[in-house]
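Chemist: only geometry, no sequence info:
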């Protein structure tokens, strides 16, 4: 029993030392990995900033085309509306003349 009381603490201390060393190695690898990830994120941010100008140009072009399309459809609908209004005015004047 006395030998077990002397051997168990030595075994536990040995295992704790191995565990601490393994954790230190894992933390060092994690720090290196986070450094690489940070570099990749910075690179992606730089590329996104470069493409931001292109996206702004595309957005403004799409807005201009949309505005042009809206104006064009407004003009077409007004032209059709005026044609129908002229026909309805002619019919009203013809019916009014027949009434007299």
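Modeler: Cool, got the structure. Here the structure is a predicted model, which means the values were calculated and not measured.
Chemist: Quick check: residue 18 vs residue 56, distance?
Modeler: Noted for residue 18: a distance of 57 Å to residue 56, by Cβ to Cβ, to the nearest Å. (C-beta placed from N, C-alpha, C; glycine too.)
Chemist: Repeat that for residue 46.
Modeler: 17 Å.
Chemist: do the same with residue 13
Modeler: From residue 13 to residue 56 the distance is 64 Å (Cβ to Cβ).
Chemist: What of residue 71?
Modeler: Taking Cβ to Cβ as the measure, residue 71 and residue 56 are separated by 23 Å.
Chemist: got it, and residue 1?
Modeler: Taking Cβ to Cβ, one finds residue 1 at 80 Å from residue 56.
Chemist: Those two: which is more packed in?
Modeler: residue 56 (10 against 5; other Cβ atoms under 10 Å).
Chemist: Tell me the pLDDT of that one.
Modeler: Looking at residue 56, its pLDDT stands at 89.
Chemist: Then residue 68?
Modeler: With respect to pLDDT, residue 68 has a value of 90.
Chemist: Tell me how far the helix or strand where it lies lies from the chain's centre.
Modeler: Using DSSP states H and E, residue 68 sits in helix 2-99. Its chain's C-alpha centre and that of helix 2-99 lie 0 Å apart, by Cα atoms, centre = their mean, to the nearest Å.
Chemist: in stretch 36-54, what counts as buried?
Modeler: Within stretch 36-54, no residue qualifies as buried by neighbour count (16 or more other Cβ atoms under 10 Å).
Chemist: repeat for stretch 22-41
Modeler: Buried residues in stretch 22-41 (16+ other Cβ under 10 Å): none.
Chemist: for that stretch, what is the average pLDDT?
Modeler: For stretch 22-41, mean pLDDT rounds to 96.
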